[in-house]
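Chemist: Need coordinates for the below:
(2 chains)
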Amino acid sequence: MSDQVFGSSLRKKIFLAIITVIFVSFVFELSKMQILEYKDYEVKSSNNSIKKIPIKAPRGIFFDRNFSVLVSNKPSYTLTITPAIYDNNKDEIIEKILGEKKDFVKNILYKKRWYSKYLARVIKRNVSFKNVVWFEEHKEEFPGVKITVEMQRDYSFGINGSHIFGYLREINANQLKDNKEYSMGDYIGVQGAERAYEKHLRGQKGYHYILVDSKRKTIGKYLEGKNDKPPVKGDDLLFTIDYNTQKVAEKLFKNLKGSVVAIEPETGEILALVSSPQFNLQEFASFTSRKYIRKLSVDPEKPLFNRATKSIYPPGSTYKMLAGLLGLKENIITKNYAVVCKGGYQYGNRFFKCTHHHGYTNLRKAIEQSCNTYFYKLILDIGLEKWYDFSKKFGFGKKTGYDLGNESVGIVPNKEYYDRVYGRNKWGKGTLLSLGIGQGELSVTTLQLAQYAAMLANFGKTKVPHIVKAFLVGNTNLYTPIKYAEINNNLPVDYYYKIREAMLRVVESPEGTAHNIKLPNIKIAGKTGTSQNPHGKDHAVFIAFAPYENPKIAVAVLVENAGFGSTHAAPIAQKIITTYLDQLKNNASGI
Amino acid sequence: MKGSHKLSDKFDFTIFFSTMLLITIGLLGIFSATNNNPTAQGAFQKQFIMALVALVIFFITYFLPARLYKSLATPSYILSIIILIAVLLMGHTVYGAKSWINLGPIGFQPSEFAKIGFIFMLSYLLTGERRNPNNIKDFLVLMFYSFIPIILILIEPDMGTVIVYLFILIAMLFWSGIDLFYVFVTLSPVVVLFASFFGIAAFLLAMIIVFALLLYFKRNIFINISIVIMNMAGAYLFDYAFQFLKPHQQKRIETFINPTSDPLGAGYNILQAQLAIGSGGIWGKGFLKGNQTQLSFIPKQWTDFIFSVPGEEFGFIGSVLIVLLFTIIFIRLLNIASQINDKFESLVVVGVLTLLLTHFTINIGMNLGVAPVVGIPLPFLSYGGSSLIINMFLLGVALNFYKNRREHT
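Modeler: Sure thing, here's the model as predicted:
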């Protein structure tokens, strides 16, 4: 059946049916979307438009032990352009003001042309303050041009401290994956205190919620900022560093390779720490540090390497006091224990040399004049295992627990060690002799030496060496000290007196090896050393503490390839000691 | 029966007020979608003025003598062909189609204006002395006149408008009494092809319907077999035809079938529009309070995606009201078409009805994510002067014919 009638009622019915089907299916679809699936759409729709924008927290800053600023923050000005509202005819004048080449602006905008034109593009960082003022004054003439402030580290306080403070770098993709607190473009501590205390320094980010359109252009605040959270400033660090001492130490090492660590004996507080050559932290303040880091990492002098905590050297004669104390403890060194030094010691078919013909030598003279013959005999009498255990009691052969980390363990050999290196029974007792004078396989860090000096100064008692003593908590500025473990090797004080007296004579006695640094007003106790270096000229070592009666500072100095300790290392220690003691005197009179 | 003197007898208030309400909702939607958007400043004011102009044109076409329109059929058709050729020569390209022409400061779309000539000309041809659509010779003449504008628009290319023209042609042939079997023969490959987009199940269902209708029409076996083969071939050749589409059209069909496949590309508009509508809920988020709309998540929302604005801000209530108002207009127009004594006038009304119905169905279907994005405006609501003026012109003509429904011109 098929009618062929104009506008028949059948055709009208078919038409009406089509209209009805369309109406019903639209109402059906609308009720499905707007009533049944409303919740789903609602959630998706809110995610669409409300953006959580993090506000960076100011990073904690660094103070020395007397609240002098060491490292701070300073604003850095960045010029951005938002193409959607920018007038391209202004390119030339902006280039002129910024002192950039022709087409500088055009090229950057072209390079970033794929981003939404409502997004601000960084044109130049570190814009000078003069230019900032100029753009602020001419704001109206430059629509779309904006100066934004970013905080960066300010290293202009006279102390470099590259191996103490460390530096910041933009967080990389891997770190971002593991650290949810960060977002792209954030800075993170890479070395030193910046890394060790990252969690304290970074503070807590704030957030504000804004409404954005599909082009990510900000429309306004969400709920008038009701849910916004202000950032919390990072904790400030109170360092144990003494500003003047650190500054002098850095200056003394300016043209030397090596390291120095100065410690307050009683507390383990590090007063100065230098590893030389340093790197220039000022270079990291700018945003172009990548090139500098690359340059540093290929530098043969290895400036990024922390020589104070990471390099290991034989301690040389500075290690002799340890053997002396052990000899006393083991009752080997009695009143009449002595050697006759004829310029060396015959052991089996080998002759172990001494520096001079010291003649009759007891403990005091052996330390004062650094007689090797005495300690060759002593170490043979003590034996390897006891010497090994005793070394551990002074913190050698293990990490000190220094708060900034990045430490080497060093090497204190024992039987197992030699068996492993030379093979079982393939090494003779002769190896032991070099250990007695701090040479051979024995290796220590400057930090370990400084801790040892502090223990000698304070009769075996100190605390874990550290460089940060307290936080000034970000939001409250509350002074919160950090506790460090005590160290005590529980030796009778008598033994220490004997050793310390000998150390005093090293400087005070005209025969002493470091008599050249004797001062009229301050009694310094010390010990020179020469660290044998198979790769080149020997390193000069010196440890000391002062004042002798009531030590306030213990120092360990190591100058690479400098020869004898007395001529190169000791004067450095002396200057550091006097600087610090002067500072103490000034502080006392100031209060 | 003598004509009543009541005003409602001469003027269809139902259609008029429904249309006015739709235009008002459209203006609110345009205001809401553009008030925060710097790139569309002044759109509301422009559309408001256009609405006033369209209203004036509506009343002019309503009051002009009904006789006039039949005599306008040939001239308006020739003018339509001229401007459709002109746009190909001197028009400029918007969204990949050369569909706009500038006359001084005013830009307009010839394919919109050509709808008048097309509907008038078809109505005229279908009501002439020897114009029987069931006569093969007459039918071919009809096709010749119809496909000149359709091919010109296809060259632009504006697929959406071509679809509208095809539906107008089919509906008017249908209304003029063409054998339903021919309609079936013409439409079944289109339906089968469209169904094949949705996979094998939809294709088989469409084929079952084809078989059922073949039984209903009771034609001879050879015709039946050739129709089945034609349908199968239609679906089979889909891939081949697909290559002729512009890349953005291919993409639209692909993303229509699976919008989430390209959430930030071509599927973005559909997803964002659906988010806007779905999150509107029953009562809507309130005027100027829809976050999707206010934050311009939907590009050019005030044109083809205008439905998502009331959908979000006035919710289910507002959306259903719009659908209902359109349906009321459609049913009224259908009644008018069947009441009119003059065949030409009746056909014009069916043409107008089909024009509006096609736009309505495709546009809202696209907003709801149940029809492909083919980019045609929602009558009376979407921003755009050409479309609004043409629709009001044609509505004025339809109501004019309603006024004169008892007369033969």
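
Chemist: Where does A:Phe28 sit, in terms of helix or strand?
Modeler: Secondary structure from DSSP states H and E places A:Phe28 in helix A:9-31.

Chemist: any idea how far whichever residue of the stretch 151-300 of chain B sits closest to chain A lies from A:Lys426?
Modeler: Nearest residue of the stretch 151-300 of chain B to chain A (C-beta to the nearest C-beta) works out as B:Gly278 at 2.8 Å. Bear in mind the C-beta positions are built from the backbone N, C-alpha and C, glycine included. Distance of B:Gly278 to A:Lys426, computed by C-beta to C-beta, to the nearest Å: 82 Å.

Chemist: And those two? Which one has more around it.
Modeler: The residue with more neighbours, out of B:Gly278 and A:Lys426, is B:Gly278; 28 against 9, by other C-beta atoms under 10 Å in any protein chain shown.

Chemist: which ones are touching the more buried one?
Modeler: A:33-34, A:37-38, A:40-42, A:45 (C-beta atoms under 8 Å, 6 or more residues apart in numbering or on different chains).

Chemist: Closest one of those to B:Thr354?
Modeler: Proximity of the contacts of B:Gly278 to B:Thr354 (C-beta to C-beta) peaks at A:Met33, which lies at 26.9 Å.

Chemist: What separation do you get for the closest one and chain B?
Modeler: Distance, A:Met33 to chain B, by C-beta to the nearest C-beta, to the nearest Å: 4 Å.

Chemist: what does A:Leu433 give?
Modeler: As for A:Leu433, its distance to chain B is 76 Å (criterion: C-beta to the nearest C-beta).

Chemist: isn't there a helix covering that residue?
Modeler: Yes. Secondary structure of A:Leu433 (DSSP: H, G, I helix; E, B strand; the rest coil): part of a helix.

Chemist: so it makes contact with A:Leu378?
Modeler: No. Using C-beta atoms under 8 Å, A:Leu433 makes no contact with A:Leu378, being 10.1 Å away.

Chemist: if we can go back for a sec, if we ignore the residues flanking it in sequence, what's nearest the residue of the stretch 151-300 of chain B closest to chain A?
Modeler: A:Tyr41 (2.8 Å; C-beta to C-beta, 6 or more residues apart in numbering or on different chains).

Chemist: Smallest gap between the stretch 451-591 of chain A and chain B, at which residue?
Modeler: Residue nearest to chain B within the stretch 451-591 of chain A: A:Asn475 (33.9 Å; C-beta to the nearest C-beta).

Chemist: Name all residues that make contact with that residue.
Modeler: By C-beta under 8 Å, 6+ apart, the contact set of A:Asn475 is A:232-233.

Chemist: about what we covered before: what is the helix or strand following the helix holding A:Phe28 packed up against?
Modeler: Following helix A:9-31 in sequence order, the next helix or strand is helix A:38-49 (DSSP H and E). With contacts taken as 3 or more C-beta pairs under 8 Å, 6 or more residues apart in numbering or on different chains; DSSP states H and E, helix A:38-49 sits against helix B:267-278, helix B:291-294.

Chemist: go with 10 Å
Modeler: Packing partners of helix A:38-49 (3 or more C-beta pairs under 10 Å, 6 or more residues apart in numbering or on different chains; DSSP states H and E): strand A:206-212, helix B:267-278, helix B:291-294.
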